[in-house]
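Participant: Compute the structure for the input listed below.
(chains A and B)
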Amino acid sequence: MATPAPAGRPLDPVQVDLSTRLATLRLPDPVLTASGCAAAGRELAPFLDLAAIGGVVTKSIMLEPRSGRPTPRMAETPSGMLNSIGLQGPGVEAFVAKDLRWLREHGVRTIVSIAGGSTQEYQRLAQRLRHEPGIAAIEVNISCPNVESRGQVFACDPFSAAQVVQVVRRHTAPDVPVLAKLSPDVTDIVAIARSVREAGADGLSMINTLLGMVIDPDTMRPLLGGMTGGLSGPAIRPVAVRAVWQVHAAYPDLPILGMGGIRTGRDAFEFLLAGASAVSVGTAVFNDPSALARISAELRGLLAARGIARLSDVVGLGHVQQARHVAAQAARRAAQEEALA
Amino acid sequence: MAPVQVTAEVVGLRRAGAYHHMTLLAPGIPEGTRPGHFVALAVGGEGSGMLLRRAFSIHKVAPGSAGTVEIVFATHGQGTRWLADRRRGDKLDVIGPLGRPFTLPREPVACVLVAGGYGAAPLFALSEQLRARGCRVDMVLGAASEDRLFGVLEARRTSASVTVTTDDGSAGIRGRVTDPLPEIIRAAGADVVYACGPMAMLAAVAEVAAGLGAHSQCAVEEAMACGIGVCMTCVLPVRGADGVTRMVRSCTDGPVFRGSDVRWADVGSVPPDTLGAPVAGGH
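Facilitator: Numbers count the residues shown, from 1 in each chain, chains lettered A, B, ... in the order given. Next up, the predicted model:
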């Protein structure tokens, strides 16, 4: 027998309070873009009111301009895609002068994603951004090869992940939260979460893409120019929900921006139940550039139908429900045993 | 004009040789459309496992409250096969108009329009606008075989001359569009060559045009995931006005490029002198 959800009578959707918090950052809406899936943000302006969504998480910014990888850069896969862009970008100076300025002028809550090849590069990025107005939070993309450690990816090593997060935290304004973006390609994601938490991360973004490969049966070699690529889209959603669940179970006080294959309000709801306080929508935007507004509205309707007036009440609720379910089962068993005795 | 996302209705779908010619009732898109613009379609229906948009150059538009958009496509895979299976009345999610269109000459100069296969689709609206400006229009239509030619009859009706080439000789001259092209450019005294088709054809057309001192405008067909500039997958190396090569998006910076700006031989790679190109041992 299922444990009934703690729901009241259905509400009028307009009564639902969708506001949420990521550490010290207050968001009127819980749905944000995902890094690398909205370019600098302005490209989505024809399809969305960017000031009304939770916020824009920018493409990962590096110190210098970067060409990215050769084409082909993507392959469609079942319910997902593989991409190998190679962090193409204009470099931090052009980003600040053009993209960040545009976002600020248009009242967009902006989370700047930063990426580097060394701890030093992350530090210089944090220092460069420190006095720029209009940055709501920093997301640290640590799924980059560390050139000082034989290309070992920062996110896959608790020590270098912590080192990067620590320098970024130290060189970022105290009132600007620093989120560490975790890779699912690790043996124990909770161990990485613990490490970056102790290094001062104010929250986590999870998950990044999973490393994959597609081989072209005609050429009989890897299809992508960069050979491997990151798998994203609904295909990875269960992996992401599991990762968020595990980390929230271990550190319920650590805010999580959840992402990985979110396409509908129902998908976003799963992440909230697993423990995310807000969500990012990535690959679904390629399919539907107005997806963020739709997902937010669907989430609102779904909460209203369950009589839930505040989004913040469902963050991590899946864990509570599971505990209730387990306790109820135990009580039933105990009662049965008593009846038989 | 900013692109719009609309729920369009299929009002016509018919075979055109090896291709499919689809007419969509897509109010709001025709008004801002100019020759060379494209649309991006979601495929597979709601909740489809195929997430990436399919981009098609716009063949023709008819503005108004019953505004229609026509596209021509080949079935390459699951997504285009799904499109080919649509029926009248089916709904499709369409975004457009997208990209940068062809640039029209200010003077009534002679123009040669060159197409490979269904790359001819966007050239008829272009031809109409060129002729309205007093330009002479000659067309060269090439394909692998006769059934892969598109629009030959309409070309004959509207152009000063039409030359057809096929790889297998099933129609017109056996060979490539670039075989007769130099003579056509010379005979027409053409100043501008417009082209749409596969990358290798565009590269060859741009080279021929440059060799004869003509400008070329090439609409590329690069694979895209979104069509609106957010996915960064459809890039190619293009030299800017400052002489610097950048990996630019064919969706937002193209699909039409000046033939002389594209580093044709380097498409599919990142030339070492590209802005931000990897250094030895780097990414």
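Participant: So residue B:162 is in contact with residue B:155, correct?
Facilitator: Yes. If you go by Cβ atoms under 8 Å, residue B:162 and residue B:155 touch, sitting 4.5 Å apart. All C-beta spots, glycine's among them, are computed from the backbone N, C-alpha and C.
Participant: Between these two, which contacts overlap?
Facilitator: Common contacts of residue B:162 and residue B:155 (Cβ atoms under 8 Å, 6 or more residues apart in numbering or on different chains): B:139, B:141.
Participant: Check the secondary structure at residue 279 for me.
Facilitator: I went with chain A, as the question did not name one. Here residue A:279 is recorded as strand under DSSP: H, G, I helix; E, B strand; the rest coil.
Participant: you looked at the wrong chain, it should be chain B
Facilitator: coil.
Participant: burial of it, as a residue count?
Facilitator: Close neighbours of residue B:279, defined as other Cβ atoms under 10 Å in any protein chain shown, add up to 8.
Participant: mind checking pLDDT for it?
Facilitator: Confidence at residue B:279, expressed as pLDDT, is 76.
Participant: Could you do residue B:179 as well?
Facilitator: The model's pLDDT for residue B:179 equals 97.
Participant: Ok, residue A:3 next?
Facilitator: For residue A:3, pLDDT reads 46.
Participant: repeat for residue B:161
Facilitator: Residue B:161 is assigned a predicted lDDT (pLDDT) of 96.
Participant: Okay, and the beta partners of it?
Facilitator: residue B:138 (DSSP bridges).
Participant: Look up how far residue B:211 lies from it.
Facilitator: Applying Cβ to Cβ, to the nearest Å, the value for residue B:161 to residue B:211 is 20 Å.
Participant: can you count the residues close to residue 178?
Facilitator: Picked chain A for this. Neighbours of residue A:178 using other Cβ under 10 Å come to 25.
Participant: other chain: chain B
Facilitator: 20.
Participant: check contacts around residue 12.
Facilitator: In the absence of a named chain, chain A is used. Applying Cβ under 8 Å, 6+ apart, one finds that residue A:12 lies in contact with residue A:304.
Participant: let's do chain B instead
Facilitator: Neighbour list for residue B:12: B:21-23, B:70, B:88 [criterion: Cβ under 8 Å, 6+ apart].
Participant: In strands, which of these appear?
Facilitator: Those of the contacts of residue B:12 mapping onto strands are B:21-23, B:70, per DSSP state E.
Participant: Confirm residue A:167 sits in a helix?
Facilitator: Yes. Residue A:167: assigned to a helix according to three-state DSSP.
Participant: secondary structure element for the closest residue in space to it that isn't next to it in sequence?
Facilitator: Computed as Cβ to Cβ, 6 or more residues apart in numbering or on different chains, the closest residue to residue A:167 that is not its neighbour in sequence is residue A:123, at 4.4 Å. Assigned by DSSP states H and E, residue A:123 falls within helix A:119-129.
Participant: close to chain B, is stretch A:31-47?
Facilitator: Yes. Contact of stretch A:31-47 with chain B (Cβ under 8 Å from any Cβ of the partner chain) involves A:36-39, A:43-47.
Participant: got the CA coordinates for that stretch in CSV?
Facilitator: Taking Å, rounded to 0.1, in the frame of the first residue of the first chain, the C-alpha atoms of stretch A:31-47 are listed here in CSV:
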residue,chain,number,x,y,z
VAL,A,31,13.8,27.3,-13.3
LEU,A,32,17.1,28.4,-14.7
THR,A,33,19.0,27.8,-18.0
ALA,A,34,21.9,25.3,-17.9
SER,A,35,25.4,26.2,-18.7
GLY,A,36,26.3,25.6,-22.3
CYS,A,37,22.7,25.4,-23.4
ALA,A,38,21.7,29.0,-23.6
ALA,A,39,24.9,30.6,-25.0
ALA,A,40,25.2,34.0,-23.3
GLY,A,41,21.4,34.1,-22.7
ARG,A,42,20.4,36.9,-25.1
GLU,A,43,19.9,34.3,-27.9
LEU,A,44,16.8,33.1,-26.0
ALA,A,45,15.3,36.6,-25.6
PRO,A,46,13.0,36.2,-28.6
PHE,A,47,11.4,33.2,-27.0
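Participant: Same question for it: list its buried residues.
Facilitator: A:31-44, A:46-47 (16 or more other Cβ atoms under 10 Å in any protein chain shown).
Participant: Where does the residue of the stretch 51-200 of chain B found nearest chain A sit: helix, strand or coil?
Facilitator: Proximity of the stretch 51-200 of chain B to chain A (Cβ to the nearest Cβ) peaks at residue B:51, 4.5 Å away. Following three-state DSSP, residue B:51 is assigned to coil.
Participant: Go ahead and confirm it touches residue A:283.
Facilitator: Yes. The pair residue B:51 / residue A:283 is scored as a contact, 6.0 Å apart, by Cβ under 8 Å.
Participant: can you pull the pLDDT of the residue lying closest to residue B:265 once chain neighbours are set aside?
Facilitator: Spatial nearest neighbour of residue B:265, chain neighbours left out: residue B:203 (7.3 Å); criterion: Cβ to Cβ, 6+ apart. The score at residue B:203 is 98. That number is its pLDDT.
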